[in-house]
Structure formats: structure tokens, C-alpha cells
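[1] Please work out how this folds:
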Amino acid sequence: MKNCFITGGGSGLGKELALLYSQKGFHIHLASRNTDKLASAKKEIEAAGGQATIYSLDVQEPQAIEELAAAFQKDNQQIDLFINNAGVGIFGPFSSITMEDIETTFAVNVYAPILLTKAFLPLLSSNSTVINIISTAGLRGKKHESLYCASKFALRGFTESLQKEYENDGLRFVAAYMGGMNTPFWDHSDHVKNPAALPHPKQIAERIAQEAEEQWEIIIER
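    Down below sits the predicted model:
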């Protein structure tokens with residue numbers, strides 16, 4: 001059975017991708033800080049006939065990332081599909097941004113996917129695919145999103161560089177850019193006034209899964 005690893009897979013887009021890929025025959029490996037949401041997602045996957053394993057992981061902790069990757073290597077598990085989905089958004093006027101905001105945003109949105117990709121690289125084969133969930137904030141600047149856009153532009157540059165580096169090796173790096181979705185991402189922010197009007201993450205997950213089979217860049221506007 002093929003293995004699919006997803007960060008931030010307890011809710012929102014991550015969970016929808018997990019449910020979708022489990023129906024495609026992947027054993028789903030979900031990692032997140034919120035173990036309650038992970039347990040709930042695991043139950044949904046198994047209720048639909050899929051298989052899932054969950055891991056408590058704070059992507060802001062480099063040592064925890066290394067330890068989890070080492071555990072996978074010990075079990076000789078190959079990762080066929082790796083999805084860097086975990087992300088955080090801190091919005092507002094640039095003048096209100098704090099050093100803590102900067103550190104948190106870059107730790108989750110930039111350092112984590114880089115460190116995760118580096119740690120799990122030995123477990124990826126020439127037929128594996130890495131999907132980096134970037135957002136359209138990685139394509140253009142947006143009002144009151146200076147910090148978020150900066151982090152997503154960084155992830156875009158990282159992804160495009162690896163596309164060039166591995167283009168002849170078979171290992172695929174897919175950049176997924178999408179607009180806002182109706183997910184818990186907005187629970188602690190008033191940046192979007194009516195999240196319910198945004199697309200459901202299941203719709204976005206279906207587009208990503210379909211287009212990632214052929215494309216290296218996926219752009220889904222609202």
C-alpha cells in the first residue's frame with residue numbers, strides 16, 4: 001500500500017485531502033499538534049474503509065521533525081506522497097506586526113516545510129510527489145497580508161527551486177496556489193468577514209488531487 005503523509009491534516013484542506021487520498025488506496029499518515037482533531041479525522045477515514053496513522057507533531061520543533069522522520073526510516077517506510085499543508089496566517093496593518101508574529105509565521109510557513117522536506121527526503125523515491133500548499137498569497141501581494149505573503153513567496157521560491165533541481169530525477173514538487181476556503185483557518189481572525197461564503201475545502205482538495213497528477217503548478221482562484 002502506498003503511503004501519504006500530510007501535515008496539518010486534522011481539519012480543513014488537510015483533512016479533505018486525507019479523506020480523498022485514502023479512497024485512492026493510500027495509507028494516510030497525519031501529523032499535527034491537535035491530537036483531538038487528528039483522532040477525529042482518523043475515525044472518518046477508517047469509517048470510510050481507509051487506513052490512517054496519526055502523529056503528534058509541532059512543526060515549529062526541528063528536533064521533533066527529525067525524530068519522526070527517523071522513526072519512519074527505522075520502519076523502512078517509503079513516502080509516495082508528501083503534502084506540506086500546515087500553515088498559519090497573521091493578518092493586519094504592517095505597523096501592528098510584532099517580532100513574535102514574524103517568528104511564528106516563518107517557523108510554520110517556511111522553516112517547517114523546508115525542514116520536513118529535508119528530513120523525509122531519504123524516504124521519497126524517484127516516483128514520489130511532494131505537494132506544497134502555498135496559497136495565492138504566494139503569487140501577489142495583498143492588503144494587510146504583508147507577513148503572510150512574504151512567507152508564501154518564500155515557500156514558492158523553495159518549491160520552484162526544487163522543481164528545477166529534481167526535474168530529471170522523477171521526484172515531483174507541485175506548487176498549489178488557492179484562494180481562501182471555508183476552514184478553521186479563519187477561526188481566530190476577522191480578516192475575512194464571511195468565511196462561509198468561501199469554497200468548501202473538499203472542492204479544492206478534489207481539484208488539487210486531479211491536477212497534481214499531471215501538473216507542477218496548480219492555481220485555484222476563489
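[2] List the residues that contact the nearest residue to P93 once chain neighbours are set aside.
    Excluding the flanking residues, the one nearest P93 by CB to CB, 6 or more residues apart in numbering is H144, at 6.1 Å. Where C-beta positions appear, they are placed from N, C-alpha and C, glycine not excepted. By CB atoms under 8 Å, 6 or more residues apart in numbering, the residues touching H144 are 91-94, 191.
[3] same deal with S125?
    The contact partners of S125, taken as CB under 8 Å, 6+ apart, are 78, 80, 170-171.
[4] and it, helix, strand or coil?
    Here S125 is recorded as strand under DSSP: H, G, I helix; E, B strand; the rest coil.
[5] try Y177
    Y177 falls in the strand class when you classify it by three-state DSSP.
[6] and if you look at K42?
    Assigned with three-state DSSP, K42 falls in the helix class.
[7] What helix or strand is the residue nearest to it when sequence neighbours are not counted located in?
    Closest residue in space to K42, ignoring its immediate chain neighbours: A52 at 4.4 Å, by CB to CB, 6+ apart. Assigned by DSSP states H and E, A52 falls within strand 51-56.
[8] for the record, mean pLDDT for that strand?
    For strand 51-56, the mean per-residue pLDDT is 97.
[9] Which strands and helices lie in contact with it?
    Judged by 3 or more CB pairs under 8 Å, 6 or more residues apart in numbering; DSSP states H and E, strand 51-56 is in contact with helix 12-23, strand 27-32, helix 35-47.
[10] residues making contact with the longest one?
    Pointing back at helix 35-47 there. Here helix 35-47 makes contact (CB under 8 Å, 6+ apart) with 9-11, 15, 18-19, 22, 28, 30-32, 51-56.
[11] Read off the pLDDT value for the residue nearest to the spatial centre of the chain.
    With distances taken as CA atoms, centre = their mean, N85 lies nearest the centre of the chain, 0.9 Å away. pLDDT, N85: 96.
[12] Quick check: phi and psi on it?
    Torsion angles at N85 (phi, psi; degrees, to the nearest 10) stand at phi -110, psi -30.
[13] Do me a favour and average the pLDDT over the longest helix seen in the chain.
    Longest helix of the chain, by residue count under DSSP state H: helix 146-165. Mean per-residue pLDDT for helix 146-165: 97.
[14] Measure how far it is from the centre of its chain, please.
    The chain centroid and the centroid of helix 146-165 are separated by 13 Å under CA atoms, centre = their mean, to the nearest Å.
[15] which of the residues in that helix are buried?
    Judged by neighbour count (16 or more other CB atoms under 10 Å), helix 146-165 contains these buried residues: 146-156, 158-160, 162-163.
[16] On the three-state scheme, the closest residue in space to R33 that isn't next to it in sequence is what?
    Excluding the flanking residues, the one nearest R33 by CB to CB, 6+ apart is D58, at 5.1 Å. Following three-state DSSP, the label given to D58 is coil.
[17] correct me, but D58 touches A31?
    No. With contact defined as CB atoms under 8 Å, D58 does not reach A31; the gap is 9.5 Å.
[18] more crowded one of the two?
    Between D58 and A31, counting by other CB atoms under 10 Å, A31 is the more crowded of the two (25 against 16).
[19] All set, thanks.
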